[in-house]
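J.: A predicted structure for the sequence below; I have some questions about it.
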Amino acid sequence: MTPRLELKNICKEFAGRQVVSDLSLSVAPGQVTCLLGPSGCGKSTTLRIIAGVEHQTSGEIWVDGKLISGDDVRVPPEGRSIGLMFQDFALFPHLSVAQNVAFGLTGSKADNTPRVGELLERVGLSGFDDKYPHELSGGEQQRVALARALAPRPKIMLMDEPFSGLDDRLRDGIRDQTLSVLKEAGTAVLLVTHEPHEAMRMADEIALMRGGRIVQQGNPYNLYNAPVDKEAAAFFSDINVIRGQSNGALTDTPFGQFLTPGHADGGAVEIVIRPQHLKIDFDRSGHGPNPTPQDGTPARAVVTRARFMGRESLVEFRMESDGSYLKATVPAVFLPNEGTTLWLTMRRDRCFVFPA
Ligand SMILES: Nc1ncnc2c1ncn2[C@@H]1O[C@H](COP(=O)(O)OP(=O)(O)OP(=O)(O)O)[C@@H](O)[C@H]1O
Ligand SMILES: [Mg+2]
């Protein structure tokens, strides 16, 4: 299938500094792709280039197999059939809800009325036609902005942190509603966020960016469970890092030996595990659970801090072996006392091994 939106090797320099580097990706109709990354990594710049308000230094943009922006082609923003929804989406304060939604439509008022009504119904705001923006809550305004962006039936929707001004409860509802409206319309969506949970909740595909480049791209499950490096792992949750030295494809740690093939002999190795994958066991008169191939060797650690967080507890440990600290999250029914000695194991299939 021809992608709805395709970026080929996009580069952008500002005053000699490269802020987007060789960025390529494609988005199919009805697909949601998230650009996820820390502040300043080039997410908004990428969206502005696609929208046509900024021009790339090199590279091409294709829509439905047609070149719309390249060295010799530059379709202006209004000719790109791209809808925009940004964090500071401003509704026109002097226009009613219906007039705001109809703003990008070309027909007469009578022609547009059914479309406006249909859109307001889709975003759950039937009957709000004659209200003015100041009479609406933040979430209602956001839904009007969505209806306005959808009205001209854009092929592509670019969204830049569109939900960040909303409180958590409202945000989840509006996010899900927005998604279903966009999917139903077959719109290709490129959504910018720096929140991994928002990306995982919304995206079919995540493009993880760092320093102007895509460092990893795939579905949320793959990014979470097979990160390309320590930073990619750390972007989605807290992590624990155990350091060791590779010795003949093996690395010794307080949790037993790890197979670390492909790492240079004597090279420093980092073993990364998320807090929810550390297993905790009680002290059974001086020895912990028996070592197994799946869990490796247990290691003793003292609880230095335990916090009840509602659904889970966050427990911090100091390892007896080397005094290093590890974090574990466990179901909240378990809240050990500080000073308790417990045994930790690391499920081997939940560990990521990277060169240090
Ligand atoms: N018009 C400009 N002139 C010069 N530098 C710019 C311009 N626009 C953006 N930059 C720089 O390009 C880099 C990327 O900016 P961009 O706005 O794309 O980041 P971002 O990933 O959207 O960050 P955030 O999450 O904070 O919104 C930043 O270092 C920024 O200072
Ligand atoms: Mg930005």
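T.: Happy to help now that I have it. Ligands and ions are numbered 1, 2, ... in the order given.
J.: where does whatever residue of the stretch 101-250 of the chain ends up closest to ligand 1 sit relative to residue 336, distance-wise?
T.: Using CB to the nearest ligand atom, residue 194 is the residue of the stretch 101-250 of the chain that sits closest to ligand 1, at 4.9 Å. Every C-beta, even on glycine, is put in place using the N, C-alpha and C of the backbone. Computed as CB to CB, to the nearest Å, the residue 194 to residue 336 distance reads 34 Å.
J.: and the stretch 51-200 of the chain, which residues reach ligand 1?
T.: residue 194 (CB under 6 Å from any ligand atom).
J.: tell me where the stretch 51-200 of the chain has helices.
T.: Ranges of helices in the stretch 51-200 of the chain, per DSSP state H, counting those that start in this stretch, are 97-102, 109-122, 138-150, 168-184, 196-202.
J.: can I get the ones you listed in JSON lines with distance to residue 226 and mean pLDDT?
T.: Formatted as JSON lines, those follow (distance: least, CB to CB, whole Å; pLDDT from 0 to 100):
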{"stretch": "helix 97-102", "distance to residue 226": "43", "mean pLDDT": "95"}
{"stretch": "helix 109-122", "distance to residue 226": "37", "mean pLDDT": "90"}
{"stretch": "helix 138-150", "distance to residue 226": "34", "mean pLDDT": "88"}
{"stretch": "helix 168-184", "distance to residue 226": "25", "mean pLDDT": "83"}
{"stretch": "helix 196-202", "distance to residue 226": "14", "mean pLDDT": "92"}
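J.: with mean neighbour count added, can I get these in a markdown table?
T.: A markdown table is the format used below for these (neighbours: other CB atoms under 10 Å):
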| stretch | mean neighbour count |
| --- | --- |
| helix 97-102 | 24 |
| helix 109-122 | 15 |
| helix 138-150 | 23 |
| helix 168-184 | 16 |
| helix 196-202 | 19 |
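J.: dump those helices into JSON lines; add distance to residue 306 as well.
T.: What follows is the helices of the stretch 51-200 of the chain, written out as JSON lines (distance: least, CB to CB, whole Å):
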{"stretch": "helix 97-102", "distance to residue 306": "50"}
{"stretch": "helix 109-122", "distance to residue 306": "47"}
{"stretch": "helix 138-150", "distance to residue 306": "37"}
{"stretch": "helix 168-184", "distance to residue 306": "25"}
{"stretch": "helix 196-202", "distance to residue 306": "24"}
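J.: looking at the ones you listed, spot the one closest to residue 212.
T.: Residue 212 lies closest to helix 196-202 among these, at 18.3 Å (CB to CB).
J.: tell me the spacing between the residue most central in space within the chain and residue 336.
T.: Nearest to the geometric centre of the chain sits residue 199, at 3.0 Å (CA atoms, centre = their mean). Look at residue 199 and residue 336: by CB to CB, they are 33 Å apart.
J.: next, the contact list for residue 313, please.
T.: Residue 313 sits next to 306, 307, 329, 330, 331, 332, 334, 335 when contact means CB atoms under 8 Å, 6 or more residues apart in numbering.
J.: a strand runs through the second one, doesn't it?
T.: Spelled out, that is residue 307. Yes. Counting by DSSP: H, G, I helix; E, B strand; the rest coil, residue 307 is located in a strand.
J.: ramachandran angles for the residue nearest to it when sequence neighbours are not counted?
T.: Spatial nearest neighbour of residue 307, chain neighbours left out: residue 314 (4.7 Å); criterion: CB to CB, 6 or more residues apart in numbering. Here is the backbone geometry of residue 314 (degrees, to the nearest 10): phi -110, psi 120.
J.: can you pull the pLDDT of residue 314?
T.: Per-residue confidence (pLDDT) for residue 314: 94.
J.: repeat for the one 3 residues further on
T.: The per-residue pLDDT reported for residue 317 equals 97.
J.: what secondary structure does it sit in?
T.: Applying three-state DSSP: residue 317 is strand.
J.: does it touch residue 306 like I think?
T.: No. Between residue 317 and residue 306 there is no contact under CB atoms under 8 Å: 9.6 Å.
J.: among the two, which residue is more densely surrounded?
T.: The neighbour count for residue 317 versus residue 306, taken as other CB atoms under 10 Å, is higher for residue 317 (26 against 18).
J.: residues touching that one, list them.
T.: Taking CB under 8 Å, 6+ apart, we find residue 317 in contact with 301, 302, 303, 304, 325, 326, 327, 328, 342, 344.
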